[in-house]
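Engineer: Give me a model of this one.
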Amino acid sequence: MGFLLDRGYEVIPIRPGEKEIHGQRCYGSVKEVPGTIDLVLVFRRAQEVPPVVEEAMEKGVKAIWMQEGIVSQHAFQRAKGSGLKAVMDRCIYKELKRR
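Structural biologist: Alright, predicted model coming up:
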């Protein structure tokens, strides 16, 4: 999260039970975030991803990124099938560093 913030990205943490991370207000779920969201970056266990994808679809999010080590074929296919751009099992830090 710090890497993204340092590079000028707006990052909104979603972590039930937390009030703030890296100085950014936390929300309990995707649907609680006011306004639009371009990308949901998922750092959760694979079995927890499908409900996150469903919330993202309801919210009108444009893309889902499942971090390296997170594999949920069902959630990936559901996201892609609904028109979201989807990335699975890749590290956003590594991808941005490579660019």
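
Engineer: what residues does the top helix by length along the chain touch?
Structural biologist: Secondary structure assigned by DSSP state H gives helix 49-59 as the longest helix of the chain. The list of residues contacting helix 49-59 from outside it, by C-beta atoms under 8 Å, 6 or more residues apart in numbering, reads 29-31, 33, 37, 40, 42, 44, 64, 66, 70, 72, 74-75, 78-79, 82, 84. Every C-beta, even on glycine, is put in place using the N, C-alpha and C of the backbone.

Engineer: how about the helix or strand just after that helix: buried residues?
Structural biologist: Next in sequence after helix 49-59, counting helices and strands by DSSP states H and E, comes strand 63-66. Buried residues in strand 63-66, counting neighbours by 16 or more other C-beta atoms under 10 Å, are found at 64-66.

Engineer: can you redo those residues as TSV with distance to E10 and pLDDT?
Structural biologist: As requested, the buried residues of strand 63-66 are exported to TSV (distance: C-beta to C-beta, whole Å; pLDDT from 0 to 100):
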residue	distance to E10	pLDDT
I64	17	96
W65	15	96
M66	20	96
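
Engineer: would you list those residues in JSON lines and tack on distance to R98?
Structural biologist: Shown next, in JSON lines, are these (distance: C-beta to C-beta, whole Å):
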{"residue": "I64", "distance to R98": "20"}
{"residue": "W65", "distance to R98": "15"}
{"residue": "M66", "distance to R98": "18"}
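
Engineer: Count the residues that sit near L5.
Structural biologist: If you count neighbours by other C-beta atoms under 10 Å, L5 ends up with 13.

Engineer: same deal with the one 4 residues further on?
Structural biologist: By the criterion of other C-beta under 10 Å, Y9 has 14 neighbours.

Engineer: wait, is it part of a helix?
Structural biologist: No - when the secondary structure is assigned by DSSP: H, G, I helix; E, B strand; the rest coil, Y9 falls in coil instead of a helix.

Engineer: can you give me phi and psi for the closest residue to K80 other than its chain neighbours?
Structural biologist: Setting aside the residues directly before and after it, K80 is nearest to A86 in space (C-beta to C-beta, 6 or more residues apart in numbering), at 4.8 Å. Listed backbone geometry of A86 is phi -140, psi 140, with angles given as degrees, to the nearest 10.
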